[in-house]
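**Q** this one's sequence-less:
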Ligand code: DP6
C-alpha cells in the first residue's frame, strides 16, 4: 500500500482546493522512547514491528510555520537557513509535501524552528513532522482527530506519531496492513517530579540514519528475533511503573531496553555502533553513581548522546555530577518557548 492511498483515505471529504488560512503555525515537542521502536513491518508506511512508549520533551521541539507560495517549488527554512531541497532531508520533505498537494501547482513555504540539534539522535524529525502535520491540519482546516494526525505524522517518521502530545505516549503497533490502527495515544498519568537530562556529546549528524540502521538490524541481526518479546515485557513493566510511580522499575526497564536495542545493532552486519568513547565513559560513571545509591538511569537512541532519567529531588546532584546537562521537566515546562 502507498502513503498516498492512506492520505486519500484519511482526507476523504476533507480536501479543500484552497487552504482555509493564509498561514498556520504549530508546535510539537520532541520525544524520547523509554521502550524503543526499532524495526519496521512495512517500510513504506513506517509500520513498526512492535509498540513503543515515549516521554515528550516539553519545550524542546519544533515550531513549523506553513503558507502557500507563488514560487514554482517548495521553499523550506530551517532555523532561518534555506534548506537544499536536494539534500536527503530536503528530498524527504518534498516527498512528504507531495502527499498533500491538492493540485500540482500548489507549493509550500515552510519555516521550521527547532531548539534541538538536527540529526543527532534527538528526535528532530519526530517533532519536525508532528508540527508539520498540525500546521497542515490548521492551514487547510481539516479538523482531523488526534489518531488521524498521528498516522499522518508516522508517514513522515515513525517516532513522529508519538510527538503530538506532552507526557507519556504509547504508540500501538497495530496489525492492519494499511496501518490505520497504528498510532500514538496519550497515557493519562502525569509524573511532575520526572526529569530527563540531555547529555550532548556531539551535535554532529549521525553517520548512519536510524532508518538504514534499523532495517539492517532487522535483516541481518541474529539477535533481532528476541526483540519483540523483550519489548512486550518492557512495555507492560513500564506502564506498571508509570501507574505506580515506581521510578527504579521505570529506570531499570528503560535502560535495559535501550541497551538491548543497541545489542541488536551491534550484532547486525555491517555492525552499527553509535557510541563514542565519551558515551562509554558516561555510562560507566552512571553505573558507578548507581552503585553509590544514586537513582539515575540513562537511555540512548540512534546517536552517541545519552539522556538521563531521574527525579527532581536529585536534579541538583545531577547538575553537579554532569555540569553540561540540560535538564527538562516534561510535566512542568510545557510552555512553548
Ligand atoms: C532509536 O522514527 O527516526 O529513536 O520511522 O525511519 O523515520 P523512521 O525512524 P525514526 O526512528 C527512531 C528510532 C529511535 C527509537 C525511538 O524513537 O523509538
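**A** Structure received. Source: prediction; values computed, not measured.
**Q** near the ligand, which residues of the stretch 101-250 of the chain? Just list them.
**A** 125, 157-159, 210-211 (CB under 6 Å from any ligand atom). C-beta coordinates here come from the backbone N, C-alpha and C atoms, glycine included.
**Q** repeat that with 8 Å
**A** 121, 123, 125-126, 154, 156-160, 162, 209-211, 214 (CB under 8 Å from any ligand atom).
**Q** out of those residues, which are buried?
**A** Burial by neighbour count, 16 or more other CB atoms under 10 Å: within those this picks out 121, 123, 125-126, 154, 156-160, 162, 210-211, 214.
**Q** give me the buried stretch members for stretch 83-97, please.
**A** 83, 89-90, 93-94, 96-97.
**Q** ok, now stretch 284-295?
**A** Buried, per 16+ other CB under 10 Å, within stretch 284-295: 286, 289-290, 294.
**Q** present the residues you listed as a markdown table; the columns should include distance to the ligand, secondary structure and pLDDT.
**A** Output for these, formatted as a markdown table (distance: CB to the nearest ligand atom, whole Å; DSSP: H, G, I helix; E, B strand; the rest coil; pLDDT from 0 to 100):
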| residue | distance to the ligand | secondary structure | pLDDT |
| --- | --- | --- | --- |
| 286 | 19 | helix | 98 |
| 289 | 24 | helix | 98 |
| 290 | 23 | helix | 98 |
| 294 | 25 | coil | 97 |
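**Q** can you show me the strands along this protein?
**A** Here the chain has its strands, by DSSP state E, at 23-35, 40-42, 47-48, 52-69, 75-78, 81-82, 107-114, 168-171, 184-186, 194-199, 297-300, 306-311, 326-328.
**Q** tell me where the model's unsure across the stretch 201-337 of the chain.
**A** Residues of the stretch 201-337 of the chain meeting the criterion pLDDT under 70: 335-337.
**Q** which residues in it form helices?
**A** 210-220, 227-244, 247-266, 277-291, 315-321 (DSSP state H, counting those that start in this stretch).
**Q** which residues touch residue 110?
**A** 64-66, 74-77, 93, 132 (CB atoms under 8 Å, 6 or more residues apart in numbering).
**Q** coming back round to it: pick the most deeply packed of the helices of the stretch 201-337 of the chain.
**A** Greatest average neighbour count among these goes to helix 247-266 (a mean of 20), per mean count of other CB atoms under 10 Å.
**Q** just to check, residue 73 is in contact with residue 107?
**A** Yes: assessed by CB atoms under 8 Å, residue 73 is found in contact with residue 107 at 5.7 Å.
**Q** of the two, give the one with the bigger neighbour count.
**A** residue 107 (16 against 9; other CB atoms under 10 Å).
**Q** can you pull the domain assignment for this protein?
**A** Listed domain ranges for the chain are 3-186, 194-328 (source: automatic domain parsing).
**Q** nearest to residue 334, of those?
**A** Nearest to residue 334, of all the domains of the chain, is domain 3-186, at 4.7 Å by CB to CB.
**Q** any idea how far that closest one is from the middle of the chain?
**A** Centroid separation for domain 3-186 versus its chain: 11 Å, with CA atoms, centre = their mean, to the nearest Å.
**Q** can you get me the start-to-end distance on that domain?
**A** End-to-end distance for domain 3-186, by CA to CA, to the nearest Å: 24 Å.
**Q** tell me the mean pLDDT over that domain?
**A** The average pLDDT for domain 3-186 rounds to 92.
**Q** circling back to that earlier point, could you dump the helices of the stretch 201-337 of the chain into CSV and include distance to residue 24?
**A** Shown next, in CSV, are the helices of the stretch 201-337 of the chain (distance: least, CB to CB, whole Å):
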stretch, distance to residue 24
helix 210-220, 28
helix 227-244, 33
helix 247-266, 35
helix 277-291, 39
helix 315-321, 36
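**Q** which among the ones you listed is found nearest to residue 41?
**A** So among these, helix 210-220 is nearest, using CB to CB, at 9.0 Å.
**Q** packing partners for the closest one?
**A** With contacts taken as 3 or more CB pairs under 8 Å, 6 or more residues apart in numbering; DSSP states H and E, helix 210-220 sits against strand 40-42, helix 247-266.
**Q** what angle sits between that helix and helix 227-244?
**A** 130 degrees (axes from the mean of the first three to the mean of the last three CA atoms, to 10 degrees).
**Q** and helix 210-220, how far out from the chain middle?
**A** 17 Å.
**Q** also stretch 206-225?
**A** The answer for stretch 206-225 is 17 Å, by CA atoms, centre = their mean.
**Q** swap in stretch 217-228?
**A** Centre-to-centre, stretch 217-228 and its host chain are 21 Å apart (CA atoms, centre = their mean).
**Q** quick one: end-to-end distance for that stretch.
**A** OK, stretch 217-228 end separation, CA to CA: 13 Å.
**Q** related to what we said a few turns ago, of the buried residues of stretch 83-97, closest to residue 236?
**A** The closest of those, once distances to residue 236 are taken by CB to CB, is residue 96, at 33.6 Å.
**Q** nearest residue to the closest one in space, please, no chain neighbours.
**A** In this structure, residue 96 finds its nearest non-sequential neighbour in residue 156, 5.2 Å apart by CB to CB, 6 or more residues apart in numbering.
**Q** the one you found touches residue 131, doesn't it?
**A** No: between residue 156 and residue 131 there is no contact under CB under 8 Å: 10.4 Å.
**Q** give the closest residue to residue 217 in space, chain neighbours not counted.
**A** residue 268 is the one closest to residue 217 (CB to CB, 6+ apart), at 4.5 Å.
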